[in-house]
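Novice: Build me a model:
(one chain, ligands or ions: 1)
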Amino acid sequence: MSTRIAFLKGHGTENDFVIVPDPENAVDLPPAAVAALCDRRAGIGGDGLLHVVRSAAHPEAAAMAGEAEWFMDYRNGDGSVAEMCGNGVRVFARYLQYAGLVTEGDLAVATRGGVKRVHLAKDGDVTVGMGRARLPEGEVTVVVGERSWPARNVNMGNPHAVAFVADLAHAGDLFAPPPVSPASAYPQGVNVEFVVDRGPRHVALRVHERGSGETRSCGTGACAVAVAAARRDGADPAVTGLPATYVVDVPGGRLVITESPDGEIEMTGPAVIVATGEIDSEWLETVAR
Ligand SMILES: N[C@@H](CCC[C@H](N)C(=O)O)C(=O)O
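Specialist: Just a heads-up that it's a prediction; the model follows:
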């Protein structure tokens, strides 16, 4: 018999998500079901899915339950799992507020990348403590058609290759993942950012996301880009935080990346809930097969 499963739709700088509230982790969401829900023609449509589960009810988050009541079980649009999603955490926090589960101010969210500190501000912006960057040794190369660029390997919990280019159009149509070499630098795949300068500590990017394709924003990508830009601008290579505030324009808006007093990278931007609805459980079971 068909039942209804509640969902919401939200976005952060137009990185959009299907949100499935499921406090007790009762909804089966295999990769095929997630991909079908994120399909923009046959499903609801989204770059990814935010499965909202109580940390205590999820085997991957139970150990964080003492610190964070809610776990962001994030999935990419193709159904794959990722360690972290920066825009996703902001939208996740906005959902918790929308549902009356938290109020304005500070909260903690459990993710596969650890517990993230979030601040829901009065003006509607949401700030997330993104931790510190890891900068694995060795240069990588990004290729698009006849062009190639040296890129910086930056890990924000998930992997990124950041290439500074002369023109964002040089990234091409980004219908397929741009090749990055050596492939051994990214055994789990990679998110690729193309970056141009807009002014002092102000850059703009396009991104091809692992598991989602080209998106209109990527929070972890914006942080990786800010870190790569700071290194290029002469920041101390031993420091894994950010020495100054960077403004990162994405196709879907603007993110501000700075450093907290304790050396953590912080990202601020909007997060919006745009719709609520119901998923037909019979359809979901069919597409999940
Ligand atoms: N859009 C996200 C990143 C989502 C995960 C990424 N596609 C991956 O596979 O690592 C963000 O806002 O950070």
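
Novice: Every contact and neighbour count from this point should use C-alpha atoms.
Specialist: Noted.

Novice: Just the helices from the chain, written as ranges.
Specialist: For the chain, applying DSSP state H gives helices covering 31-38, 86-98, 219-232, 281-288.

Novice: Check whether the third one comes into contact with the ligand.
Specialist: What that stands for is helix 219-232. Yes. Using Cα under 6 Å from any ligand atom, we find that helix 219-232 touches the ligand at Gly219, Thr220, Gly221.

Novice: by contact count, what packs against that helix?
Specialist: helix 86-98, strand 147-155, strand 159-164, strand 191-199, strand 246-250, strand 253-259, strand 265-270 (3 or more Cα pairs under 8 Å, 6 or more residues apart in numbering; DSSP states H and E).

Novice: Among those, show me which one is buried the most.
Specialist: Burial of the helices and strands packed on helix 219-232 is given as mean neighbour count (mean count of other Cα atoms under 10 Å); strand 159-164 ranks first at a mean of 27.

Novice: Not counting its own residues, what contacts that strand?
Specialist: 140, 142, 149-154, 180, 186, 189-196, 221, 224-225, 228 (Cα atoms under 8 Å, 6 or more residues apart in numbering).

Novice: if you set the cut-off to 6 Å instead, what comes out?
Specialist: For strand 159-164, contacts defined as Cα atoms under 6 Å, 6 or more residues apart in numbering pick out Ala151, Arg152, Asn153, Val154, Val190, Asn191, Val192, Glu193, Phe194, Val195, Val196.

Novice: State the distance from the closest residue to the second one other than its chain neighbours to Val195.
Specialist: Which is Arg152. Take Arg152 and drop its neighbours on the chain: the residue closest to it by Cα to Cα, 6 or more residues apart in numbering is Val162, 5.0 Å away. Distance, Val162 to Val195, using Cα to Cα, to the nearest Å: 7 Å.

Novice: next one: Gly263
Specialist: In terms of Cα to Cα, Gly263 sits 24 Å off from Val195.

Novice: Repeat that for Thr13.
Specialist: 17 Å.

Novice: quick one, which of the helices and strands packed on helix 219-232 is nearest to the ligand?
Specialist: helix 86-98 (3.7 Å; Cα to the nearest ligand atom).

Novice: who touches the closest one?
Specialist: Gly12, Val102, Thr103, Val126, Gly219, Thr220, Ala271.
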